[in-house]
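> Curious how this folds, go ahead:
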Amino acid sequence: MRGPFPLLEMRGIGKSFPGVRALDAVDFDLRAGEVHVLLGENGAGKSTLMRILSGACPSDTGEIRLDGQPVVIHSPHHARALGISTIYQEFNLVPHLSAGVNIFLGREPAQALGFVNPRRLHERAGEVLTQLGIRLDPATRVEQLSVAQQQMVEVARALAFAARILIMDEPTSALTAAESRTLFALIRSVRDRGVGIIYISHRMEEIFALGDRVTVLRDGRTIATRNVAGVTVGELIRLMADRELKDHFPRRRVPPGEPVLEVSQVSTRDKLRDVSFTLRQGEILGVAGLLGSGRSTLARVLFGAVRPTMGCVRVHSRQARIGSPAAAIRLGIGYLAEDRKQQGLVLPLSVRQNIALPNTDLAYPFGVRRPVRERELVAAQVEQLRIKTPHIDQPVVYLSGGNQQKVVLAKWLARQATILIFDEPTRGIDVATKVDIYELMNRLTAQGAAILMISSDLPEVLGMSDRILVMHEGRVVGEFDPRQANQATLVRAALGEAP
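Residues are numbered from 1 along each chain as shown. The predicted structure is shown next:
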């Protein structure tokens, strides 16, 4: 039963960082037993607001109330004690420990003299999992679980800590459609137990599948709060971006040119088997498949990060030995990695330094450092890609996810790479920034570049590809025309079912 006050009220929340006003008098509230979606472009202030609520950083101004009573949240430990739990995109689990130990980590049920009884711990963890309808052996080590199962362990741990408020940040970003549906059922079950859920997602279909209310932030301000039942996708996009987006997938196809990348019977020791395809100038070749199908391994082979055991790769009709990323770069190949934070950026370095990293020969001709030339090179990319940063010497760790992705793109645009491998180019990015990246892909292909686009987002694959390859267990099992295929067709192929 709901009381006279919202479960949570955040009023007039303000927060500034050096050179950036992240939040400006933001208002947000949450009721018990509802899913309240927090929506906004990258850099809108969503993450900062949730970091304040979870105790990771203090606000400069404003007030937080729980059940009508003012509170000051001093730390993440204090937030958990108040019943506030956060599930981040990067899980906070200990891989070599069991699911049960992770569920009660820090609050293990102890016997006399303080000893922990592992059997009793797993029994209690099993009770929590059963109450949530999760079929999972609590004695299984986390490293043996799928991503979806790890997500469920995170939810079980939050509820074992008596969470009343659950913050979920892009929880489906690495899940398949079937796994997402299972997670949605769990979220509804948790909501029905009276827990208030703050759900952050850029996927519009999830908002309408799960949300009761939605609050839109833009440029650090609260723009609107709406009942999900009474709002449209178009209205939400307009509130987020302050402009109309007429087409989510604005692909402008150009006639494909000559082959620029030819892959023939490429295999690796354990991931790829006889992979063959051709990528042509001006083309976007989409690659779909389930996690573990070999998609990302293929990208790393083509960028020289993984060596194949057999096969041939030809670049611009010449056989190429891509033994390292440096060799790939010399051949005009650019790589947008799936994990931009670990593989695409050096987070402590500035925007300027990250963009300049693979372009030292352009910024430092003849090995002589020319700061003016470097700044001109970087500033041109920041302007072209509309990277939101107070200055080019801002460390990229302080940028939003979408702007970090644009910094990675800027490296290869400055390089004028002609073959671009994009692995999950829009994961964790808001709708408006996605369209910006799609328009950039259109410009690149119109200028003659070729793009290999690996994506788990099937509407994206169908909407932006000229041709689609589907991988299953390390093989290419089908090629499709996106104008004739649909999501069901691609899923069947990804599962290894005959067309």
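> drop to CA atoms for contacts and neighbour counts, all remaining ones
OK.
> In terms of residue numbering, what are the domains of this structure?
For the chain, the structural domains run 8-241, 259-494, going by automatic domain parsing.
> can I get those domains in TSV with mean neighbour count?
Formatted as TSV, the domains of the chain follow (neighbours: other Cα atoms under 10 Å):
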stretch	mean neighbour count
domain 8-241	19
domain 259-494	19
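> closest to residue 248 out of the ones you listed?
Shortest distance between residue 248 and these, using Cα to Cα, is found for domain 259-494: 6.2 Å.
> CSV please, covering the domains of the chain and showing mean pLDDT and distance to residue 252.
Output for the domains of the chain, formatted as CSV (pLDDT from 0 to 100; distance: least, Cα to Cα, whole Å):
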stretch, mean pLDDT, distance to residue 252
domain 8-241, 87, 22
domain 259-494, 89, 6
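> out of these, nearest to residue 253?
Here domain 259-494 is closest among these (Cα to Cα), at 7.2 Å.
> Keeping just the C-alphas, turn stretch 304-311 into PDB.
What follows is stretch 304-311, C-alpha atoms only, in PDB (Å, rounded to 0.1, in the frame of the first residue of the first chain):
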ATOM      1  CA  GLY A 304      45.200  -7.500 -36.400                       C
ATOM      2  CA  ALA A 305      44.400  -8.100 -32.700                       C
ATOM      3  CA  VAL A 306      43.900 -11.800 -33.300                       C
ATOM      4  CA  ARG A 307      45.900 -14.000 -35.700                       C
ATOM      5  CA  PRO A 308      44.000 -16.500 -37.800                       C
ATOM      6  CA  THR A 309      45.200 -20.000 -38.200                       C
ATOM      7  CA  MET A 310      44.300 -20.200 -41.900                       C
ATOM      8  CA  GLY A 311      42.600 -18.100 -44.600                       C
END
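> tell me the strands in the stretch 1-150 of the chain, going along the chain?
8-17, 20-30, 35-39, 61-66, 69-71, 84-87 (DSSP state E, counting those that start in this stretch).
> Quick one: closest of the ones you listed to residue 77.
Among these, the nearest to residue 77 by Cα to Cα is strand 84-87 (9.4 Å).
> Which neighbouring elements make contact with that closest one?
Applying 3 or more Cα pairs under 8 Å, 6 or more residues apart in numbering; DSSP states H and E, we find strand 84-87 packed against helix 147-160, strand 165-169.
> Next, the distance between the ends of stretch 323-333.
13 Å (Cα to Cα, to the nearest Å).
> try stretch 254-274
Terminal residues of stretch 254-274 lie 29 Å apart, using Cα to Cα.
> re earlier: could the strands of the stretch 1-150 of the chain go into CSV alongside distance to residue 131?
Formatted as CSV, the strands of the stretch 1-150 of the chain follow (distance: least, Cα to Cα, whole Å):
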stretch, distance to residue 131
strand 8-17, 25
strand 20-30, 24
strand 35-39, 20
strand 61-66, 26
strand 69-71, 30
strand 84-87, 18
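> Go through those strands and name the closest to residue 347.
Using Cα to Cα, the strands of the stretch 1-150 of the chain put strand 8-17 closest to residue 347, at 16.8 Å.
> could I have the closest one exported to CSV, CA atoms only?
The C-alpha coordinates for strand 8-17 follow below in CSV (Å, rounded to 0.1, in the frame of the first residue of the first chain):
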residue,chain,number,x,y,z
LEU,A,8,11.5,9.0,-3.1
GLU,A,9,11.6,12.8,-3.8
MET,A,10,14.6,14.6,-5.3
ARG,A,11,14.0,18.4,-5.5
GLY,A,12,16.2,21.1,-7.0
ILE,A,13,19.2,18.9,-7.4
GLY,A,14,22.2,20.7,-8.7
LYS,A,15,25.7,19.5,-9.5
SER,A,16,28.7,21.1,-11.2
PHE,A,17,32.1,19.8,-12.3
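> for residue 12, what are its contacts?
24, 25, 26, 27, 61, 62, 63 (Cα atoms under 8 Å, 6 or more residues apart in numbering).
> what's the distance between the closest residue to it other than its chain neighbours and residue 431?
If the residues on either side of it in the chain are set aside, residue 12 comes closest to residue 25, at 3.8 Å by Cα to Cα, 6 or more residues apart in numbering. Residue 25 is 24 Å from residue 431, where distance means Cα to Cα.
> for residue 333, same thing?
27 Å.
> From residue 266, how far out is the closest residue to residue 417 other than its chain neighbours?
Spatial nearest neighbour of residue 417, chain neighbours left out: residue 332 (4.6 Å); criterion: Cα to Cα, 6+ apart. Noted for residue 332: a distance of 20 Å to residue 266, by Cα to Cα.
> same thing with residue 303?
From residue 303 to residue 266 the distance is 13 Å (Cα to Cα).
> Equivalent analysis for residue 21, please.
50 Å.
> What of residue 27?
Residue 27 is 54 Å from residue 266, where distance means Cα to Cα.
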